[in-house]
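>>> mind looking at a prediction? Sequence and model below.
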Amino acid sequence: MLNKLTELDSDFVRAQFPAFTEPSLQGWAFFENAGGSYTCQQVIDRLTHYYTATKVQPYYPYPASMAAGQRMDEAYAWLSAYLNIDNAELSLGPSTTQNVYVLANALRPMWTAGDEIIVSCQDHEANAGAWRRLDQTGLVIRDWHIDPDSGRLELDDLDQLMGERTKMVAFPHASNVIAHINPVQEITRRAHAAGAISVVDGVSYAPHGLPDLQALGVDIYLFSTYKTWGPHLGAMYVRQELRDKMTNQGHFFHQGSPRSELTPAGPDHAQIAAAAGIAEYLDALYGHHFDGQANASERGRRLHDLFRRHETALLTPLLEFLRQREDVQIIGPDDPSIRAATVSILPLNKPVMEVAERLQSHKLMVGTGDFYGVRPLKELNIQLDPGVLRLSFVHYTTQAEINQLISGLEQSL
C-alpha cells in the first residue's frame, strides 16, 4: 500500500461538507468542533433518502421496510469494521450521556455493596455523573484527581487508588478542556491487572480519527457521532464477554438481543441509517489518499494517522503563538505531540466574554464556559463562570483558518 498523497488534501476534504459552500457561513472559521462537527454530505444524503424513501417501521416483509432495515444494518456493520470490533459489540443510542446511564444500570448488578469504582476528575460530567450516582446504591466511588498544575492524570495516583475491591476505572481518552491524550492502553492494562474493567469516554478524541478498539484493549468505549461528522447519536462499544454478564435494560423479550439490551428506548432509525455515511466518507478519503486494498480497520488506522499529522501541523503554530504571550494561560499541556486539537485558554488581562465577542468580529466561531468539564476546572482552580475560551478544530480545518484565528487572538487578547 502506497500513499497517493503525503499530506491531507484539504480541498477534497472540504468538498465533502456542504457547510463550506453555505453562503451564511462564508468567511467564518469554525473553532467549536468539540461541541459538534459539521456533517459530511454522505450522512446528509443517507438521512434524506431514509426520510423520503424508507420512513417506515424497519424489518417488516415489504420492500420499503426491508430497505430501511438494510440501511440500518449497513451502519452497524460498516462502523464496526472501522472500529475493528464485532458487529454485535456496537450499540447506537440517543446520546453518549444516555448510554452511560444505561450502562451504569446494566453493570451495577455485577457488583456488591462496598465494591469500588474509580472515576477520573478529568471527565466531562455528562459522561461521568451516572457512575458517581452509584454511591447511592452502596458502591464506593474513588476520585482519580488530576494534577492541579498540568491537569494530567498520573498513573502513580491510579495505582494508589486500586485495591482488591476495584471493579471499574472510568476515564476520558482526552478531556474536552484539558485535551491531554491519556495512555489508554497502559491504564487499561493496569485496570485489568487489578481485576477491573476499563470504561473510556472517547467523545473528545474520536473526532480526531476513529480508534482501533481492539488495539486499545478497552472493555467499553463511548463517543458521539454528531462530533464525528454524523447524526446526533451515541456510539457505544461493549466487549462481548462483558456484555454477556450485564443485566438486560431492554424489554424482557429482548434478552439476548445485542442491539436492544442496552438501548431500552430505541434510537432514531433514520439517524442510524445515516450513520453509515460516516464510514462512506472515510472510504472516500481513503480512496483519494491511498493506493491498494485494505480492510476497514486498516483504512481507519491509516486515516487516523493522516488526520493526526495534519492536526498536529496546525496545532503547533497555534500553541507556539499562545506560549509566547504573557496575557493568556493554556489549559493542559502545550506540547502538540501529546494533546488533541482542542485548546482551552484563560485570558489574563481581559474577561473571557469580551475576548470571545472580539473574536466574533473577526468571523471566528469559538466556545466559552465550563463545557460540563466542571470537575477539572475546579481542580485547576478556574472559576466556572465565565469558565474558559475553547478553540477546537478537526481535520477539515486549514492553515488559512489557523492564521485567521491567530490574527484574531492577537487583536482580541
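Done, it's in. Numbering: from 1, shown residues only.
>>> so His310 sits against His395, correct?
Yes: using CB atoms under 8 Å, His310 makes contact with His395 at a distance of 5.4 Å. All C-beta atoms are positioned from the backbone trio N, CA, C, and that covers glycine.
>>> touching both of these two, which residues are there?
Both His310 and His395 are contacted by Leu8, under the criterion CB atoms under 8 Å, 6 or more residues apart in numbering.
>>> hey, where'd the helices end up in the stretch 1-150 of the chain?
Here the stretch 1-150 of the chain has its helices, by DSSP state H, counting those that start in this stretch, at 10-14, 41-53, 63-83, 96-107, 129-132.
>>> who touches the shortest one?
Okay, so that is helix 129-132. Counting by CB under 8 Å, 6+ apart, Thr97, Val100, Tyr101, Leu103, Ala104, Ile117, Val119, Ile141, Met168, Ala170, Val199 sit against helix 129-132.
>>> could you turn the buried ones of the residues you listed into a ChimeraX selection?
Command for ChimeraX that selects the buried part of the contacts of helix 129-132, burial taken from 16 or more other CB atoms under 10 Å:
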select :97,100,101,103,104,117,119,168,170,199
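>>> out of the helices of the stretch 1-150 of the chain, which is closest to Arg259?
Closest approach to Arg259 among the helices of the stretch 1-150 of the chain is made by helix 63-83 (7.3 Å; CB to CB).
>>> just checking, what packs against the closest one?
The contact analysis (3 or more CB pairs under 8 Å, 6 or more residues apart in numbering; DSSP states H and E) places helix 63-83 against helix 41-53, strand 90-93, helix 269-289, helix 296-323.
>>> ok and it relative to helix 269-289, angle-wise?
50 degrees (axes from the mean of the first three to the mean of the last three CA atoms, to 10 degrees).
>>> show me the contacts for Met353.
Contacts of Met353 by CB under 8 Å, 6+ apart are Thr368, Pro386.
>>> three-state assignment of it?
In three-state terms, and counting by DSSP: H, G, I helix; E, B strand; the rest coil, Met353 is helix.
>>> so where's the chain shaky on pLDDT?
For the chain, the stretches with pLDDT under 70 are 1-2.
>>> show me where it has strands.
For the chain, applying DSSP state E gives strands covering 29-30, 90-93, 116-120, 140-144, 166-172, 197-201, 220-224, 234-238, 328-330, 342-347, 364-365, 367-369, 388-392.
>>> how is this structure carved up into domains?
Following automatic domain parsing, the chain resolves into domains at 10-39+297-412, 46-279.
>>> end-to-end on the shortest one?
When you say that, I think you mean domain 10-39+297-412. 28 Å (CA to CA, to the nearest Å).
>>> off-centre distance for it?
15 Å (CA atoms, centre = their mean, to the nearest Å).
>>> please tabulate the domains of the chain in TSV, including the columns distance to His289.
Listed next are those as TSV, based on distance: least, CB to CB, whole Å:
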stretch	distance to His289
domain 10-39+297-412	6
domain 46-279	13
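>>> so for Tyr286, which of those domains sits nearest?
That would be domain 10-39+297-412 among these, by CB to CB, at 4.5 Å.
>>> hmm, back to that, quick one: which of the helices and strands packed on helix 63-83 is nearest His208?
Of all those, it is helix 296-323 that lies closest to His208, at 5.9 Å by CB to CB.
>>> good, we can wrap up now.
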